[in-house]
Each structure stands twice: as structure tokens, then as C-alpha cells.
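**Student:** return a 3D structure for these sequence lines:
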Amino acid sequence: QVQLVQSGGGLVQPGGSMRLSCTGSGDTFSHYSVGWFRQGSGTERDFVGSISWEGGNTYYADAVKGRFTMSRDNAKNTAYLQMDRLKAEDTAIYYCGVDRFRDYVRAETSSSWGQGTQVTVSS
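**Tutor:** Purely as a prediction, here's the structure:
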């Protein structure tokens with residue numbers, strides 16, 4: 001079972017950029033697809049995007065398509081979420097999750113979660 005530690009996050013102005021990282025340990029990171037999710041105040045954990053084991057397939061929510069980009073470096077056991085042209089509505093706690101058996105991570109099937117990191121988009 002892989003354990004996940006997230007880094008990045010903080011306060012950014014609208015239109016700005018930020019990169020989140022999700023680093024795995026305890027198992028072979030490349031055996032897992034990685035998903036990103038976010039949870040705003042009083043809302044459920046929503047899908048942001050997912051990247052397959054070697055990064056060959058990516059899936060994005062419509063709300064972030066064209067603004068967010070996922071990547072991964074399996075040599076570093078790390079996945080990234082690059083967020084550009086951020087909007088106030090992107091404000092949320094962001095989580096990474098993993099799935100060993102599918103190339104697409106769903107919140108219901110994630111076998112492990114990062115600790116979450118707050119992203120606040122505000123002027």
C-alpha cells in the first residue's frame with residue numbers, strides 16, 4: 001500500500017499559477033494511477049483529474065480542462081498538478097488519491113489519500 005504526502009498550496013491571486021505535488025512511498029509508485037480531487041467548504045470531494053500509471057492517459061474535469069495539467073515523474077515517485085489561470089472558484093482543499101487496478105482514479109476506489117493541501121485564490 002502506497003502512502004502519499006502532498007506539498008504545495010497556499011494563497012495565490014486570480015490568474016496566477018501554482019503547482020501541487022504528491023509523493024508516494026511504501027510501494028512501487030508507477031504501479032498506481034494518480035487522481036486529484038478537491039473539496040470546497042461544505043461540498044463533496046470533486047474529481048479534478050487523473051493520470052495513468054506511466055502518464056500516457058490523462059482525464060480532466062471540464063471545470064479545469066485547459067487550465068490544469070497533470071504530470072508524473074516515477075523516478076521521483078511524484079505526481080504533479082500544475083494549475084494555471086486560477087480562479088476564485090478553484091479555492092478548495094486538494095487531495096491526491098491512487099488506484100492500482102485502473103488507469104483512472106475515482107474517489108470511491110482510491111486506496112490511499114494524501115493529507116490534503118489548501119489552495120486559496122484571492123486578491
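**Student:** only C-alpha atoms from now on, for both contacts and neighbour counts.
**Tutor:** Will do.
**Student:** next, the contact list for T69, please.
**Tutor:** Counting by Cα atoms under 8 Å, 6 or more residues apart in numbering, T69 makes contact with L81, Q82, M83.
**Student:** what subset of those is buried?
**Tutor:** L81, M83 (16 or more other Cα atoms under 10 Å).
**Student:** tell me the pLDDT at the residue nearest in space to the middle of the chain?
**Tutor:** By Cα atoms, centre = their mean, the chain has its centre lying nearest to W36, at 2.8 Å. Note for W36: predicted pLDDT of 98.
**Student:** residue contacts, it?
**Tutor:** In this structure, W36 makes contact with F47, V48, G49, S50, L81, Y94, Y95, C96, G97, judged by Cα under 8 Å, 6+ apart.
**Student:** OK, contacts around M18?
**Tutor:** M18 neighbours (Cα under 8 Å, 6+ apart): G8, G9, V12, Q82, M83, D84.
**Student:** the same query, at a cut-off of 7 Å, please.
**Tutor:** Neighbouring residues of M18 by Cα atoms under 7 Å, 6 or more residues apart in numbering: G9, Q82, M83, D84.
**Student:** ok, now how distant is it from T120?
**Tutor:** Going from M18 to T120 by Cα to Cα, to the nearest Å gives 10 Å.
**Student:** ok, and the most crowded of the contacts of W36?
**Tutor:** C96 (31 neighbours; other Cα atoms under 10 Å).
**Student:** outside of the host helix or strand of it, which residues touch it?
**Tutor:** If you go by DSSP states H and E, C96 is part of strand 92-99. Strand 92-99 is contacted from outside by 22, 32-40, 105, 109-120, using Cα under 7 Å, 6+ apart.
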